[in-house]
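>>> Model the structure of this input:
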Amino acid sequence: MAVPNWLSDAVLYQIYPQSFADSNGDGIGDLRGITEHLDYLAWLGVTAVWLNPCFVSPMRDAGYDVADYLAIAPRYGDSHDLAELVEQARARGIRVLLDLVPGHTSDTHPWFVASAHDPADHRYIWADAGLDGRLPDGFVRSPGDRPGGYLPNFFDFQPALNFGYARQQADQPWRQNVTADGPQANRAALRTIMDHWLRLGVSGFRVDMAYSLVKDDPGRAETARLWREVRGWLDHAHPDAVLLSEWGDPALAVPSGFHADFFLHFGGPYDGRPLRTLWNNGISTERPEWATEPCYFDAEGRGNVGTFLAAYYDALAAIGDSGRIALPTANHDFARLNAGPRTPEQLPPAFAFLLTFPTLPAIYYGDEIGMRHILGLPDIEGSVMRSGYNRAGARTPMQWDSGPNAGFSAAPAGRLYLPVDPDPGRPTVAGQRADQDSLLNTVRELIALRRTHPELGPGGSLEVLSDGYPLVYLRGERFLVVVNPSDRARVLAHDRPELASPKPVRNAGVTLDEAAITAGPFSYGIFQL
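Reported below is the predicted structural model:
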């Protein structure tokens, strides 16, 4: 199962539709707003965008509670708007990926409404109450005539679709086999949904909670079998389309049929540690229990990039060339790259690493200008998770210019989906495009460099020369990368003559001679040997 050529050197950009661009002045971002800013994305150099869910939904969890998989939520437009977005994006060399939520629906979905009144329906997981009237652990009481209760997949209003259980128990009849009618009907529906949007022109899907489908599944073996079946169908029916997973374990997700998996997740075997120990994503601002381990890209220079590298090498050994490890700056569930005590001058070294490491880079909208993670925002559409972690701070409106509402919307400020960063000095696209030394122009030039030189992409070899401060590695045996995210100069002695006077390709504070590499505070350098 090969990776489509277009994904191999892709630069992915994640868009949270509610907060990117509002074209009609209602305070909520929409598809036409995205289309109107495609020239910006093409200028930046991204080649694929991933949209968070844009299907019909009551929006109790920002669209991750789907009520109709085959229709666009009216707040975003309609299917014609999506088709126009896809067509205009493709004309600019940009592909569009949708967010697929296969593990659960909204409790308002017609499937669930019908199931809550029909004891013979097994599209969801239902259990009867015991003689004492109590439901099994984890089940939620039925909202309809059907007795008993249903199993949610995350929030209580997100009933789990029934893809079966890997293990059955005689005293738990709700544990249906994966070959039962309900699980098989859901597998067929999954293909129908994907086929519908792929025929409209989208290039694939990011799959939410991809690991969660088959329940009580040791080693995720049955879930992996399900996704390999989907991948087999996809390779035959839509061979240029891709599947990216929210799994958190590329070593398992890619052999299970996905083209790439993200090193970013609340759970999974790594519990988010590869990214947390790399740049933390500001989790310590609201998850203090995660702040005990310093991250590498903090100014104090107390981190250890070894945790990330070990996870990367483990995953690479398992997947080889059959897929990609996706490395994001952040996403809608985590704090932004610019969060907590981090300052703008710390961001260029992080992007230099992101765009020269042999992974699939994913930029969360606004991170390319250093948008701040904003604390203390109200719970909007399920932004406060069950654990109490508030995700709204990573979902504020895109900052386009210095006009009202930062150019996001013509609506009154009080009607915005979320408030704009109140800092009068907030970064904007317009301001940074005009400044050649800005973070935005730095990111653009790094993307162009990566796309010009395949050795800097996933296919180029990697040799780590130093995993301390500075981080130093060779790509494709001809590009030397030096990254120092700490607030003090760092020196690395060497005895390699080829490192004495390489050609600077992009340099921000690094000097080399025949005996040492010296990296100034918050510096990076890319050199051609």
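
>>> Grab the longest strand from the chain for me.
Across the chain, the longest stretch assigned as strand under DSSP state E is strand 516-528.

>>> List the neighbours of the helix ranked longest in the chain that are in contact with it.
Counting residues, the longest helix found in the chain (DSSP state H) is helix 181-200. With contacts defined as C-beta atoms under 8 Å, 6 or more residues apart in numbering, helix 181-200 is touched by 69-70, 79, 82-83, 86, 98, 100, 102, 121-124, 161-164, 176-177, 204-205, 226, 229-230, 233-234, 237-238, 241. Every residue, glycine included, has its C-beta placed from N, CA and C.

>>> partner strands of the longest strand of the chain, parallel or antiparallel?
In the sheet, strand 516-528 lines up against strand 479-484 (antiparallel), strand 490-493 (antiparallel), strand 503-512 (antiparallel) (DSSP bridges).

>>> Could the C-alpha coordinates of that strand be exported in PDB?
In PDB, the C-alpha atoms belonging to strand 516-528 read as follows (Å, rounded to 0.1, in the frame of the first residue of the first chain):
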ATOM      1  CA  ALA A 516      32.900  24.300  16.700                       C
ATOM      2  CA  ILE A 517      29.300  25.200  16.000                       C
ATOM      3  CA  THR A 518      28.200  28.200  17.900                       C
ATOM      4  CA  ALA A 519      24.400  28.900  18.100                       C
ATOM      5  CA  GLY A 520      23.200  32.100  19.600                       C
ATOM      6  CA  PRO A 521      20.100  32.400  21.700                       C
ATOM      7  CA  PHE A 522      16.900  31.400  19.900                       C
ATOM      8  CA  SER A 523      18.800  30.700  16.800                       C
ATOM      9  CA  TYR A 524      18.800  28.300  13.900                       C
ATOM     10  CA  GLY A 525      20.800  27.700  10.700                       C
ATOM     11  CA  ILE A 526      20.500  25.600   7.600                       C
ATOM     12  CA  PHE A 527      23.600  25.000   5.600                       C
ATOM     13  CA  GLN A 528      24.500  23.200   2.400                       C
END
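
>>> Please point out which parts of that strand sit buried.
517, 518, 519, 520, 521, 522, 523, 524, 525, 526, 527 (16 or more other C-beta atoms under 10 Å).

>>> what's near enough to touch the residue nearest to the third one when sequence neighbours are not counted?
If I follow you right, that is residue 519. Counting by C-beta to C-beta, 6 or more residues apart in numbering, residue 484 is the residue found nearest to residue 519 once chain neighbours are left out, at 3.6 Å. Going by C-beta under 8 Å, 6+ apart, residue 484 touches 349, 469-471, 490, 509-510, 519-524.

>>> domain ranges for the chain?
5-102+204-374+436-452, 461-528 (automatic domain parsing).

>>> okay if I get those domains as JSON lines plus mean pLDDT and distance to residue 140?
Output for those, formatted as JSON lines (pLDDT from 0 to 100; distance: least, C-beta to C-beta, whole Å):
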{"stretch": "domain 5-102+204-374+436-452", "mean pLDDT": "92", "distance to residue 140": "14"}
{"stretch": "domain 461-528", "mean pLDDT": "96", "distance to residue 140": "45"}
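
>>> Ok, which of the ones you listed comes nearest residue 387?
Evaluated with C-beta to C-beta, the domains of the chain place domain 5-102+204-374+436-452 nearest to residue 387, the distance being 8.0 Å.

>>> one step back: adding distance to residue 151, write the domains of the chain out as CSV.
As requested, the domains of the chain are exported to CSV (distance: least, C-beta to C-beta, whole Å):
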stretch, distance to residue 151
domain 5-102+204-374+436-452, 8
domain 461-528, 43
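
>>> Of these, flag the one that's most buried.
domain 5-102+204-374+436-452 (a mean of 21; mean count of other C-beta atoms under 10 Å).

>>> Please tell me how far the closest residue to residue 477 other than its chain neighbours sits from residue 519.
What sits nearest to residue 477 in space, not counting adjacent residues and going by C-beta to C-beta, 6+ apart, is residue 461, at 6.0 Å. Applying C-beta to C-beta, to the nearest Å, the value for residue 461 to residue 519 is 22 Å.

>>> cool, and residue 189?
53 Å.

>>> can I get the contacts of residue 484 in JSON lines with distance to residue 399?
As requested, the contacts of residue 484 are exported to JSON lines (distance: C-beta to C-beta, whole Å):
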{"residue": "349", "distance to residue 399": "22"}
{"residue": "469", "distance to residue 399": "32"}
{"residue": "470", "distance to residue 399": "31"}
{"residue": "471", "distance to residue 399": "30"}
{"residue": "490", "distance to residue 399": "33"}
{"residue": "509", "distance to residue 399": "27"}
{"residue": "510", "distance to residue 399": "30"}
{"residue": "519", "distance to residue 399": "30"}
{"residue": "520", "distance to residue 399": "29"}
{"residue": "521", "distance to residue 399": "27"}
{"residue": "522", "distance to residue 399": "22"}
{"residue": "523", "distance to residue 399": "26"}
{"residue": "524", "distance to residue 399": "24"}
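
>>> of these, closest to residue 277?
Out of the contacts of residue 484, the member with the shortest distance to residue 277 (by C-beta to C-beta) is residue 471, at 13.0 Å.

>>> Look up which residues are beta-bridged to the closest residue to that closest one other than its chain neighbours.
Closest residue to residue 471 apart from its sequence neighbours, by C-beta to C-beta, 6+ apart: residue 483 at 4.6 Å. Per DSSP bridges, the residues bridged to residue 483 are residue 471, residue 524.

>>> Provide a list of residues in contact with the closest residue to residue 44 other than its chain neighbours.
Using C-beta to C-beta, 6+ apart and skipping the chain neighbours, the partner closest in space to residue 44 is residue 444 (5.5 Å). With contact set as C-beta under 8 Å, 6+ apart, residue 444 has these partners: 43, 44, 45, 368.

>>> Show the backbone phi and psi for residue 444.
Here is the backbone geometry of residue 444 (degrees, to the nearest 10): phi -60, psi -40.

>>> From residue 63, how far off is it?
30 Å.

>>> Phi, psi for the most far-flung residue of the chain relative to its centre please.
Within the chain, residue 131 marks the point farthest from the mean C-alpha position, 44.6 Å out by C-alpha atoms, centre = their mean. The phi/psi pair for residue 131 (degrees, to the nearest 10) reads phi -60, psi -30.

>>> Am I right that residue 80 sits in a strand?
No: looking at residue 80 with DSSP: H, G, I helix; E, B strand; the rest coil, it is helix, so not inside a strand.

>>> Could you find the closest non-adjacent residue to the residue nearest the centre of the chain?
Nearest to the mean C-alpha position of the chain, by C-alpha atoms, centre = their mean, lies residue 331 at 5.0 Å. Sequence neighbours aside, residue 364 is the residue nearest to residue 331 in space, at 5.5 Å (criterion: C-beta to C-beta, 6+ apart).

>>> coming back round to it: out of the buried residues of strand 516-528, which two sit at the greatest distance?
521 and 527, at 19.1 Å, using C-beta to C-beta across those.

>>> ranges for the helices of this structure?
5-8, 31-36, 38-44, 79-91, 110-115, 181-200, 221-237, 250-253, 273-276, 306-319, 347-354, 429-433, 439-452.

>>> Minimum distance to residue 380: which of those has it?
Here helix 31-36 is closest among these (C-beta to C-beta), at 18.1 Å.

>>> ok, and for stretch 166-177, which residues are buried?
So stretch 166-177, judged by 16+ other C-beta under 10 Å, has buried residues 166, 174, 175, 176.

>>> Ends of that stretch, what's the gap?
End-to-end distance for stretch 166-177, by C-alpha to C-alpha, to the nearest Å: 7 Å.
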